[in-house]
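Participant: curious how this folds, go ahead:
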Amino acid sequence: MDRYQYEFGQSVDGVIMFTPVLIERLVQATGPIRISAYNQTITAQNLENLLHYYQLDNKGIYQEMTIEHVSDNQVARKLFTQRVTSTLIATVMHLPMSKLLPLASEIFGAMKSKDLQIYVTNPQLEALIGKYGSTASLDRSTTHDGLFIVQSNLSASKASQYVSTKIQDAVTLDKQGGATHHLQLTLDYQQKGDVYGFDTYRDYVRIYVPPNSQLLSGNGFDEYDKPYCGDAQSGYTLCQPDVYGDGSLVCTPPIQIGYATSYINDPYTNRDHPLDVTGMPQNQQSDEAGRAMFGGWVVIPKNCTMKITVAWYVPPIGKPYSLLLQAQASVDSPLDLTIYPAAGTCTQQQKGLHFTQVMDGEDHTFTVKPQASNCVLVYH
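Facilitator: Numbers count the residues shown, from 1 in each chain. Just a heads-up that it's a prediction; the model follows:
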C-alpha cells in the first residue's frame, strides 16, 4: 500500500494477494476458459505453464506483440495474463447459482490455506476475515512455542516449481518446560523443465521462532565469502557428487553449477559461481518484531538435494507444552514431527509422540497432554 501511494499518488483501503492455486480452483469451478485471440483454452492443468510461456518465453512474448499490436516487449509480456484475468472475471460474474456456492467454498478454503490473502485497513472487516478465514499473519504470541519456515526463491528464475521441501523436526522437552528443536529441511531440486532463468537455485530460508530462543548449531547455509568447489570453467576444485563429503548436498553427475543470481558486491558477476563452504545460518538478526530468526542463503545446483540442519533451544513458555507450526502459502511440504516428553513424565512414550502430514498452507497447533502415565499429542 505504501509503494502504491508512492508510485501513483493514490491511497488504497487494502491489498488482495493470491497464488496460482486459487486461479486453478476457480477454473475448476467455471470450467475451461477460451482466449480466442490466442486460440488457447485455459484449464486448471495448463494455466501456470501458459502464463509462464507468455510472460517469459521469447516466442510467447513475440506472439503477444503481434496479436496486441504492441512494439514494447516489456508491455506485451503481461497482456495475455490481462486477457485471462478479464475473461475469468466475466465468466465468474455470469455463473449460475448452482456454481456460485461451490466457488464460494473454494474461496473460503483458499483463505485458510493462504492461497488467498486479504488485508484491509477497516478493523471490523479485518476481524471478520480473521474469524472466517485467515489473516495469514506471523504469530508473535509468547504463550506457546512456535515455528514458521519461510522460503524465498531469489534465483531470478521459476525454479521453485521443481523444488520440493520436506520438514523433519524432533523436539525434546525438559522438566522445566523448555524445548530443544533439531530441524532438518530437505530441498530436492530436480529440474524437469524450463526455469526461464539461471539454473542454480538460490533460496533465502528464514526460520522464525519465539524470542529468547538460543541457536545451538546449524549447517547447509551458504558462507558466500568462502569458495569451496566449482565446475571445469571456474578454476576451483571440481565438485564431486557428494559435494561436501557429509551427505548434506548430493548431486546427480554431471554437476552443472553455471551462472547464479548475483548479490551485492558479487565478485562472480557475469561468470560461473563456485559453490561456497556451508555452515551456520549467516543471519541471526530478526527482520520481524517479536520473533527470533535464523536465516541465510541456501544454494543448490540443478538435480541436487540439499539437507539443512538447525538446532535451537526454546526456554520454558507454558504448560502443557504447545507448538504452533505455521505454514507458508504454496509450499506443500511433507511434515515429520516427533515430540519427546520430558524424562519420567510419560513412561509409555519413550519413542516420542509422532505426527506426519503434508502441509497445505494451514497452521496447526500441537499440544502434549499427560494422561496418567501416558501422553497424547493433540493437534488442530
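
Participant: so how many other residues sit close to residue 221?
Facilitator: As a burial measure, residue 221 scores 25 neighbours (other Cβ atoms under 10 Å). All C-beta atoms are positioned from the backbone trio N, CA, C, and that covers glycine.

Participant: now swap in residue 319 and tell me
Facilitator: 11.

Participant: need phi/psi at it.
Facilitator: phi -120, psi 140 (degrees, to the nearest 10).

Participant: list the contacts of it.
Facilitator: residue 177 (Cβ atoms under 8 Å, 6 or more residues apart in numbering).

Participant: quickly note the distance from it to residue 4.
Facilitator: Per Cβ to Cβ, to the nearest Å, residue 319 is found 46 Å from residue 4.

Participant: low-confidence stretches in the stretch 101-250 of the chain?
Facilitator: Across the stretch 101-250 of the chain, the ranges flagged by pLDDT under 70 are 133.

Participant: can you give me the strands for it?
Facilitator: In the stretch 101-250 of the chain, the strands defined using DSSP state E, counting those that start in this stretch lie at 116-120, 145-153, 163-173, 179-189, 201-209, 214-219, 221-229, 249-251.

Participant: so which of the ones you listed gets nearest residue 364?
Facilitator: strand 145-153 (10.5 Å; Cβ to Cβ).

Participant: with only the CA atoms kept, save the closest one in CSV.
Facilitator: Provided in CSV are the C-alpha atoms of strand 145-153 (Å, rounded to 0.1, in the frame of the first residue of the first chain):
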residue,chain,number,x,y,z
ASP,A,145,6.3,-22.4,21.2
GLY,A,146,6.2,-21.5,17.6
LEU,A,147,7.9,-22.3,14.2
PHE,A,148,7.4,-20.6,10.9
ILE,A,149,9.7,-21.5,8.0
VAL,A,150,9.8,-19.1,5.1
GLN,A,151,11.4,-19.9,1.7
SER,A,152,12.1,-17.1,-0.9
ASN,A,153,13.2,-18.0,-4.4
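
Participant: in its sheet, what does it sit against?
Facilitator: Paired neighbours of strand 145-153 in the sheet (DSSP bridges): strand 201-209 (antiparallel), strand 322-326 (parallel).

Participant: quick one: closest of those to residue 93.
Facilitator: strand 322-326 (34.5 Å).

Participant: I'd like the next helix or strand past the closest one.
Facilitator: Per DSSP states H and E, the first helix or strand lying C-terminal to strand 322-326 is strand 334-340.

Participant: how far out from the middle of the chain is that following strand?
Facilitator: 19 Å (Cα atoms, centre = their mean, to the nearest Å).

Participant: following that strand, which helix or strand comes up?
Facilitator: By DSSP H and E, the next helix or strand past strand 334-340 is strand 353-358.

Participant: average model confidence for that next one?
Facilitator: Mean pLDDT, computed over strand 353-358, is 92.

Participant: try stretch 316-326
Facilitator: 92.

Participant: quick check: buried residues in it?
Facilitator: 317, 321, 322, 323, 324, 325, 326 (16 or more other Cβ atoms under 10 Å).

Participant: out of those, which comes closest to residue 32?
Facilitator: Looking across the buried residues of stretch 316-326 and measuring by Cβ to Cβ, the closest to residue 32 is residue 326, at 35.1 Å.

Participant: ok, the closest residue to the closest one other than its chain neighbours to residue 115 distance?
Facilitator: Nearest non-adjacent residue to residue 326, counting by Cβ to Cβ, 6 or more residues apart in numbering: residue 148, 3.9 Å away. Relative to residue 115, residue 148 is positioned 17 Å away (Cβ to Cβ).

Participant: how about residue 360?
Facilitator: Here residue 360 is placed at a distance of 9 Å from residue 115 (Cβ to Cβ).

Participant: who's more crowded, these two?
Facilitator: Shown here are residue 360 and residue 115; by other Cβ under 10 Å, residue 115 has more neighbours (25 against 18).

Participant: surely the more buried one and residue 19 touch.
Facilitator: Yes. If you go by Cβ atoms under 8 Å, residue 115 and residue 19 touch, sitting 4.5 Å apart.

Participant: who touches both of these two?
Facilitator: Between them, residue 115 and residue 19 share the contacting residues 329, 330, judged by Cβ under 8 Å, 6+ apart.

Participant: quick one: residue 14 and residue 121 touch, right?
Facilitator: Yes. Between residue 14 and residue 121 a contact is recorded at 6.2 Å, counting by Cβ under 8 Å.
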